[in-house]
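Asker: Requesting a structural model of the entry that follows:
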Amino acid sequence: MIARGHHGLIVTAPESATGPVETAEALEVELAALVHSQVFLLGDDPILLLVSAVHRVDTERTGARLDGPLIPAPPHLVVRYTGQLPGSIAPVGHPANLPTWVDSGLSGHRELWAAGGSPGTVFRTSYQELLRITAGLSLDLD
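Answerer: Predicted structure coming up:
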């Protein structure tokens, strides 16, 4: 993450943080300020969507916006493309840069928390920093 301009501070989430709701409570942030990194296939190509924990990706609608069929990547492909386990995927640090879109709904939060790339880890960031360190594009998921 340091190579991409992020300070690189990854912290271990409290043991009580067993899911998104518990993580938000432990970090004392709104659930909507948690970033879920999700790998999809746009046609045959892997992409990364950084989505607020309160949003669900409508694959039909989002695929139409991105000009192709969109399906969730199966777990074995998630690991291949990111080098990280589903559920703990960081927005950066993958073997190859994935085309990335960032949920515009995250822009309303001064502080965001994203997975750190291994189970139970998170890091603090912001919407603008996510766009910068991922070379991502904003995407309206509403």
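Asker: all contacts plus neighbour counts: C-alpha atoms, from now on.
Answerer: Noted.
Asker: Helices along this protein, start to end?
Answerer: Here the chain has its helices, by DSSP state H, at 20-27, 59-65, 75-82, 127-134.
Asker: Counting neighbours, which bits of the first one end up buried?
Answerer: Put plainly, it is helix 20-27. By neighbour count on 16 or more other CA atoms under 10 Å, the buried set for helix 20-27 is 20-24.
Asker: now, which of those sits nearest N97?
Answerer: P20 (25.8 Å; CA to CA).
Asker: That closest one and H36 touch, don't they?
Answerer: No - P20 is beyond contact range of H36, at 9.2 Å (criterion: CA atoms under 8 Å).
Asker: residues shared between the contacts of those two?
Answerer: A53 (CA atoms under 8 Å, 6 or more residues apart in numbering).
Asker: Skip the chain neighbours and tell me the closest residue to Q84.
Answerer: Nearest residue to Q84, sequence neighbours excluded (CA to CA, 6 or more residues apart in numbering): G117, at 5.9 Å.
Asker: Give me the neighbour count for that neighbour.
Answerer: Residues near G117, counting by other CA atoms under 10 Å, number 24.
Asker: for it, what are its contacts?
Answerer: 84-85, 88-90, 93.
Asker: what's the answer for Q38, then?
Answerer: Shown in contact with Q38 (CA under 8 Å, 6+ apart): 48-51, 72, 89.
Asker: Next, find the distance separating S118 from T82.
Answerer: Distance of S118 to T82, given as CA to CA, to the nearest Å: 11 Å.
Asker: Have a look at the two and say which one is more surrounded.
Answerer: T82 (23 against 17).
Asker: pLDDT at the more buried one, what is it?
Answerer: pLDDT, T82: 96.
Asker: How about L141?
Answerer: 85.
Asker: which non-adjacent residue is nearest it?
Answerer: Nearest to L141 is D103, by CA to CA, 6+ apart, at 6.1 Å.
Asker: can you check L42 too?
Answerer: Using CA to CA, 6+ apart and skipping the chain neighbours, the partner closest in space to L42 is L70 (4.7 Å).
Asker: ok, that neighbour - how many residues close by?
Answerer: Neighbour count for L70, taken as other CA under 10 Å: 24.
Asker: confidence score at it?
Answerer: pLDDT, L70: 97.
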